[in-house]
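For reference, the sequence and a predicted model appear below.
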Amino acid sequence: MLLCMHLYFIRKGYVIIKPIDLHVHSNKSDGSNTPSELVYMAMKKGLAAFALTDHDTVDGIDEALACAEKLCAESMDTTPGINPYDVPEVIPGIELSTEYQGKDIHMVGLYIDHYSSAFQAHLKHFVDSRVERNHKMCARLAEAGIDISYEKLTAEFPDSVLTRAHYAVYLVNKGYSLSKEDAFSQYLGDHTKYFVPREKITPEMGVKLILDAGGIPILAHPILYRMSDARLEELIARLKTAGLVGIEAIYATYNLAQERQIRKLADQYDLCISGGSDYHGEAKPDLEMGTGYGKLFVPEDILWKLKTRKDNDYAI
C-alpha cells in the first residue's frame with residue numbers, strides 16, 4: 001500500500017495527494033458509527049474528505065458538519081494535537097435506492113443541498129413507504145412465530161432508517177438465525193415468502209432528484225449489479241442522457257480488471273471517476289473506512305475533478 005502511494009506521489013511530481021472516501025454510512029441508516037465518530041475516524045486515517053452517503057436519508061449530515069466545524073474551531077484555538085489541515089471535509093451526500101429492469105441500482109449524490117424542500121419532501125415520501133413496508137414484513141415474520149413487531153425493531157435500532165440488514169441482526173441476536181446470511185436465506189431474501197418489495201424510483205429519477213438538489217449524481221458500484229456488458233453500457237448511456245456526472249470506478253471489492261472496465265466506460269461517456277469504501281462498520285467487519293479491505297486508495301485529485309465539473313456545469 002505504501003509503495004503504491006509513493007509511486008502515485010512520484011507520478012504527480014511529489015504533490016502530496018491525500019486519500020478520500022466518497023461512500024460512507026453512519027448509524028442513521030445501516031452503519032454502526034455515529035456521524036461524529038466518522039469525522040474523528042476520517043481525521044485519524046488522514047482522509048482529506050469523506051462523503052456521508054446514508055441510504056435514503058440525510059439525517060446525519062448536520063451532526064457530521066457540526067463536528068468537523070467544532071474541530072476546525074478548536075484547531076484555530078491552538079488546541080494541542082489538532083491541525084486544521086487534518087480536519088476532513090465533510091461532503092453532504094446520500095445513496096438513493098432505485099430499480100432498473102428488476103435490479104436494485106444505487107445512485108450516490110455528492111454535495112447535495114440537504115435542506116432543499118423538494119428533496120426533503122421526496123425523502124419523507126420514501127420514508128413513509130419504508131415504514132409501511134416494514135410493518136408488513138414484521139407482520140409476516142410474526143405470523144411465522146418470530147417475536148418481532150415494528151415497534152420492537154425500531155426500539156432495537158432507534159433513529160435508523162431500517163433496512164433488511166437491521167432485520168438480519170435482529171434475527172441473529174434473538175436466536176432465529178445462525179448468521180446474517182442465514183437470515184437472508186430463510187427470511188429476508190427477495191424470493192422468500194416474508195419479503196415485501198417497497199416503492200422504488202427509476203435511476204433516471206434518482207439522477208434528477210440529485211441534480212435538483214444541486215448535487216453530483218454518481219452511479220454506485222456498477223460491477224455489483226452483475227449485468228452483462230451490453231446491459232451495463234445501456235444503463236450508463238441512459239443515465240448520461242439524464243445528467244449523470246460520475247461513476248464509481250474505485251471500490252473496495254473491485255479487482256484491477258473491473259476497475260479498468262469502469263474507467264474505460266467513464267472515458268467513453270465523459271464521466272468523472274468516483275470511489276469509496278462503502279464503509280458500514282460492524283455490518284462489514286473487515287472493511288475499513290478509507291482503505292476498504294486494505295488496498296483501496298481513492299486519491300484526492302478525483303474530488304478536485306468532480307468539483308471542477310460541478311462548478312463548470314453550474315456556470316453554463
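Ah, there it is.

from the chain's centre, how far out does the helix or strand containing M205 sit?
Element membership for M205 (DSSP states H and E) is helix 203-212. Distance of helix 203-212 from the chain centroid (Cα atoms, centre = their mean, to the nearest Å) equals 16 Å.

Tell me the buried residues in that helix?
If you call a residue buried by 16 or more other Cβ atoms under 10 Å, then helix 203-212 has these buried ones: P203, E204, G206, V207, L209, I210, L211. All C-beta atoms are positioned from the backbone trio N, CA, C, and that covers glycine.

The first one contacts R238, correct?
Read it as P203. Yes - assessed by Cβ atoms under 8 Å, P203 is found in contact with R238 at 7.5 Å.

which secondary structure elements does the helix or strand following the helix holding M205 contact?
Once the chain leaves helix 203-212, the next helix or strand it forms, by DSSP H and E, is strand 216-219. In terms of contacts (3 or more Cβ pairs under 8 Å, 6 or more residues apart in numbering; DSSP states H and E), strand 216-219 is packed against strand 103-110, helix 203-212, helix 229-242, strand 246-251, helix 300-315.

strands paired with strand 216-219, and their directions?
Using DSSP bridges, strand 216-219 pairs in its sheet with strand 103-110 (antiparallel), strand 246-251 (parallel).

burial count for I262?
Using other Cβ atoms under 10 Å, I262 has 25 other residues around it.

A helix includes H122, no?
Yes - H122 sits within a helix when classified using DSSP: H, G, I helix; E, B strand; the rest coil.

list the contacts for the residue nearest to it when sequence neighbours are not counted?
Leaving aside its sequence neighbours, H122 sits nearest to L209 (Cβ to Cβ, 6 or more residues apart in numbering; 5.9 Å). L209 sits next to L96, G109, F119, H122, I201 when contact means Cβ atoms under 8 Å, 6 or more residues apart in numbering.

residue ranges with poor pLDDT in the stretch 1-150 of the chain?
For the stretch 1-150 of the chain, the stretches with pLDDT under 70 are 1-15, 77-82, 84.

Which parts of it are strands?
According to DSSP state E, counting those that start in this stretch, the stretch 1-150 of the chain carries its strands in the segments 19-24, 49-52, 89-100, 103-110.

would you turn the ones you listed into JSON lines with distance to Q268 and mean neighbour count?
Output for the strands of the stretch 1-150 of the chain, formatted as JSON lines (distance: least, Cβ to Cβ, whole Å; neighbours: other Cβ atoms under 10 Å):
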{"stretch": "strand 19-24", "distance to Q268": "21", "mean neighbour count": "27"}
{"stretch": "strand 49-52", "distance to Q268": "25", "mean neighbour count": "27"}
{"stretch": "strand 89-100", "distance to Q268": "19", "mean neighbour count": "22"}
{"stretch": "strand 103-110", "distance to Q268": "19", "mean neighbour count": "23"}
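
Any chance of those strands in TSV with distance to D30 as columns?
Shown next, in TSV, are the strands of the stretch 1-150 of the chain (distance: least, Cβ to Cβ, whole Å):
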stretch	distance to D30
strand 19-24	12
strand 49-52	13
strand 89-100	10
strand 103-110	12
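
Quick one: closest of those strands to G294.
Set against G294 and scored by Cβ to Cβ, the strands of the stretch 1-150 of the chain come closest in strand 19-24, at 12.9 Å.

which strands and helices sit next to the closest one?
Packed next to strand 19-24, using 3+ Cβ pairs under 8 Å, 6+ apart, are strand 49-52, strand 89-100, strand 103-110, strand 246-251, strand 272-276, strand 298-299, helix 300-315.
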